[in-house]
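Enquirer: Okay, here's the prediction I keep looking at, along with the sequence it came from:
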Amino acid sequence: MAQPVILTIDDDPAVSRAVARDIRRRYGDRYRVVRADSGPGGLEALREIKLRGERVAVLLADYRMPEMNGIQFLEAAMDLFPAARRVLLTAYADTDAAIDAINVVDLDHYLLKPWHPPEEKLYPVVDTLLEAWAASPDQASDEIRVVGHRWSAPSFAVRDFLARNLVPYRWLLTDDPEGGRLLAAAGADATDVPLVVTPDGKALVAPTEAELAAVAGLTVAPSADFYDVVVVGGGPAGLGAAVYGASEGLRTVLVERRATGGQAGQSSRIENYLGFPDGVSGAQLTDRARRQALKFGAELLSTREVVGLESAGAARLLHFGDGSTIAAHTVVLATGVSYRVLDAPGLADLTGRGVFYGAASTEAPSCVDQDVWIVGGANSAGQAAVHFSRYASRVHLLIRGADLTASMSSYLIQQLDRIDRIVVHPHTEVVGGEGDDHLERLRLRDTRSGDVREVDASWLFIFIGAEPRTEWLDGVLVRDGRGFIVAGPDLTAGGRKPPGWTLDRDPYHLESSLPGVFAAGDVRASSVKRVASAVGEGAMAVALVHRYLEAQ
Ligand SMILES: Cc1cc2nc3c(=O)[nH]c(=O)nc-3n(C[C@H](O)[C@H](O)[C@H](O)COP(=O)(O)OP(=O)(O)OC[C@H]3O[C@@H](n4cnc5c(N)ncnc54)[C@H](O)[C@@H]3O)c2cc1C
């Protein structure tokens, strides 16, 4: 962490140099001494220091300065660094002003010029002030800081993006004093949120995901324009393919539109993945898989959505949303599935403001001692119920059916039964949501009687199944009626070759109707929707990539 700052400010260059020199001589090994020659210049320096997350221990300001006197400067500086100790340098004639300042800016000390010898007049004063400051220092931060509103969808989107990409950050509300200080330092106000401040002091107002990825150090651009294999999608199947592809010497790039981990990255605890008897969180599994892929030399691109695929002779060409392209001998499509939207009046407007799709793990600590409502009866909803029960006073699980047996694993049903705070509401569906600033009420319908009741609710998490978003592959390769990619033997059922297929051989096991393009994981028609099978298919796709390349 950077050394705390001692800032000296004097408009007379000779005096300014002398103060800074004396301070640096004694404290320069532990503190960074910053010199300014005017009040506005000093405030500008303080704003930069605040944005970089550094601390200010002592401010030494001359009283007589033309644009802004020392008292005015110290008063403004307090808004940015309230814990910094404040010293006014005065001539004997200005002693009265200095005494008045004790009340105005809560002055710690006034120092008469000249201060020589410093061993007698300056250092004992500064020593005492540094001691006092060390007992209650300013907050320092070497993380990304996000300032936003509690109930703001864009603020949530920024936090969710950083959390899913495993980027540490500090979250500050606009009415939190430090949040206000950061806004002031960035010259922004409470309407300019989310404000993202990087550890090196750059302030971004409402950044895009690509901008966030860049400041978080995530790679967004490929280093080459041709690869052996491009993997589309960074869930378990894609990460599996990237690890096996790169470890077997293939030039491999993985392209992810949002954050690696996919659906599994949102799981609070995966208990059925081989080798983790105590379970593993999706975030941990993702972090390990990412590091493993990078170790073997795979490139991982974030915030890049693939929107088109075409053949260019033997090469396969992928189009990104921004119009750029990337080419490869082969492609592994591992784009998984995305949550289906709950179509009930009012919910769309409240998404990100009390209504969330998936586990939204960033929100769990805010649910302490409140009621949480979860829609869905599958394992993902069950896991979320267990997770939120650690925070919420009560977790309501809303399911349409009579019980969970048809949709949830029995180990999870048993876990839910053991937690008193979890209440399962059978035969119940959400038919509406309302609220001004954020979700305040839900309308629930009994699916048997049709009766509708209203409940107070601030938190709704939706897990109502998912669908593949493969519209961009329309007309390029064969998909089933629901959009899942048909691959391998399923393409030749009935003894016929898939449309457009010109090769003598049949498609390999995970190969789509476009030769050299493979489907792995949840996006493949009739796949098993599990982490282990997705990882396994990623590995298997790479073996088939080798077979395809050898035959070329
Ligand atoms: C909350 C939750 C808990 C779960 N718990 C378990 C469990 O305990 N055990 C278990 O076995 N399974 C569990 N599952 C299911 C499991 O997570 C999935 O089966 C698995 O993640 C599928 O992996 P995948 O790589 O095929 O797809 P996904 O995980 O869906 O990943 C697909 C990725 O592709 C990206 N993508 C999509 N389209 C594009 C595009 N056009 N361009 C670039 N990128 C794109 C997406 O952003 C996503 O990151 C759970 C699922 C959820 C949602």
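Expert: Right, received. Where do you want to start?
Enquirer: buried ones in whichever strand or helix holds A101?
Expert: If you go by DSSP states H and E, A101 is part of helix 95-104. The neighbour-count check on helix 95-104 (16 or more other Cβ atoms under 10 Å) flags A97, A98, A101 as buried. Backbone N, C-alpha and C define where each C-beta goes, glycine included.
Enquirer: swap in stretch 453-472?
Expert: A457, S458, W459, L460, F461, I462, F463, I464, A466, P468, T470.
Enquirer: Can you name the residues that contact the residue nearest to the first one when sequence neighbours are not counted?
Expert: Leaving out its chain neighbours, the residue that sits closest to A457 by Cβ to Cβ, 6 or more residues apart in numbering is L442, at 4.3 Å. For L442, the contacting residues are W373, V430, G432, G433, E454, V455, A457, L460, by Cβ atoms under 8 Å, 6 or more residues apart in numbering.
Enquirer: just checking, the third one touches R453?
Expert: No - counting by Cβ atoms under 8 Å, G432 sits too far from R453 to count as a contact (11.3 Å).
Enquirer: Give me the common contacts of those two.
Expert: Common contacts of G432 and R453 (Cβ under 8 Å, 6+ apart): R443.
Enquirer: can you give me the offset of stretch 219-226 from its chain's centre?
Expert: On the basis of Cα atoms, centre = their mean, to the nearest Å, stretch 219-226 sits 22 Å off its chain's mean C-alpha point.
Enquirer: does any bit of it sit next to the ligand?
Expert: No - using Cβ under 6 Å from any ligand atom, stretch 219-226 stays clear of the ligand, with a minimum separation of 12.3 Å.
Enquirer: what sits up against that stretch?
Expert: 210, 213-214, 251, 253, 299-304, 315, 325-328.
Enquirer: For that stretch, which residues meet the burial criterion?
Expert: Neighbour-count burial for stretch 219-226 flags T219, P222 (criterion: 16+ other Cβ under 10 Å).
Enquirer: Flag every residue of the chain that's near the ligand.
Expert: Counting by Cβ under 6 Å from any ligand atom, the residues of the chain near the ligand are 232-238, 255-258, 262-264, 266-267, 270-272, 305-306, 334-337, 359, 379-380, 383, 469, 521-523, 529-532, 534.
Enquirer: Can you say which of those residues are buried?
Expert: 232-238, 255-258, 262-264, 266-267, 270-271, 305-306, 334-337, 359, 379-380, 383, 521-523, 530-531, 534.
Enquirer: low pLDDT regions in the stretch 301-450 of the chain?
Expert: For the stretch 301-450 of the chain, no stretch is flagged by pLDDT under 70.
Enquirer: Beyond the helix or strand in which the residue nearest to A457 is found, next helix or strand please.
Expert: Applying DSSP H and E as the criterion places L442 in strand 441-446. Moving toward the C-terminus from strand 441-446, the next helix or strand (DSSP H and E) is strand 452-456.
Enquirer: partner strands of that following strand, parallel or antiparallel?
Expert: strand 441-446 (antiparallel) (DSSP bridges).
Enquirer: mind saving the C-alpha coords of the partner strand as CSV?
Expert: Extracted C-alpha coordinates of strand 441-446, given in CSV (Å, rounded to 0.1, in the frame of the first residue of the first chain):
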residue,chain,number,x,y,z
ARG,A,441,-45.0,-6.1,-3.2
LEU,A,442,-45.6,-9.3,-5.1
ARG,A,443,-48.9,-10.8,-6.3
LEU,A,444,-49.0,-14.5,-5.9
ARG,A,445,-51.6,-16.8,-7.5
ASP,A,446,-52.8,-20.2,-6.2
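Enquirer: Contacts for stretch 6-18, please.
Expert: Everything outside stretch 6-18 that qualifies as a contact, by Cβ under 8 Å, 6+ apart, is 19-20, 23, 27, 31-39, 41-42, 45-46, 56-62, 64-66, 70, 73, 89, 113, 126.
Enquirer: So in the protein, where's the weakest helix or strand by average pLDDT?
Expert: helix 95-104 (a mean of 82; mean pLDDT, DSSP states H and E).
Enquirer: C-terminal to it, what's the next element?
Expert: Sequence order places strand 109-112 as the next helix or strand after helix 95-104, per DSSP H and E.
Enquirer: contacting residues around that next one?
Expert: Taking Cβ under 8 Å, 6+ apart as the rule, strand 109-112 contacts 60, 85-92, 95, 98-99, 101-102, 121-122, 125, 129.
Enquirer: CA-only coordinates of it, as PDB, when you get a sec.
Expert: C-alpha atoms of strand 109-112 as PDB (Å, rounded to 0.1, in the frame of the first residue of the first chain):
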ATOM      1  CA  HIS A 109      -2.100  23.400  15.600                       C
ATOM      2  CA  TYR A 110      -0.800  26.800  14.400                       C
ATOM      3  CA  LEU A 111       2.800  27.100  13.800                       C
ATOM      4  CA  LEU A 112       4.600  30.500  13.800                       C
END
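Enquirer: Partner strands of it and their direction?
Expert: strand 85-90 (parallel).
Enquirer: The strand it pairs with to helix 95-104, inter-axis angle?
Expert: If you take axes from the mean of the first three to the mean of the last three Cα atoms, to 10 degrees, strand 85-90 sits at 160 degrees to helix 95-104.
Enquirer: Enumerate every residue touching the spatially most central residue of the chain.
Expert: The residue lying closest to the centre of the chain (Cα atoms, centre = their mean) is L162, at 1.1 Å. Applying Cβ under 8 Å, 6+ apart, we find L162 in contact with I144, V146, P168, Y169, L212, A216.
Enquirer: okay, the first one: pLDDT?
Expert: Reading off the confidence values, I144 has pLDDT 95.
Enquirer: The fourth one too?
Expert: Taken from the predicted model, the pLDDT recorded for Y169 is 94.
Enquirer: That one contacts D142, doesn't it?
Expert: No - between Y169 and D142 there is no contact under Cβ under 8 Å: 11.3 Å.
Enquirer: Do a quick rundown of the helices in the stretch 301-450 of the chain.
Expert: Residue ranges of the helices in the stretch 301-450 of the chain, as given by DSSP state H, counting those that start in this stretch, are 347-350, 379-388, 410-418.
Enquirer: same question but for the stretch 1-150 of the chain, I mixed them up
Expert: Going by DSSP H, counting those that start in this stretch, the stretch 1-150 of the chain shows helices at 13-27, 39-51, 70-80, 95-104, 118-121, 123-135.
Enquirer: Would you mind listing the buried residues in the second one?
Expert: Yep, that's helix 39-51 we're talking about. Applying a neighbour-count criterion of 16+ other Cβ under 10 Å, one finds G39, G41, G42, L43, A45, L46, R47, I49, K50, L51 buried in helix 39-51.
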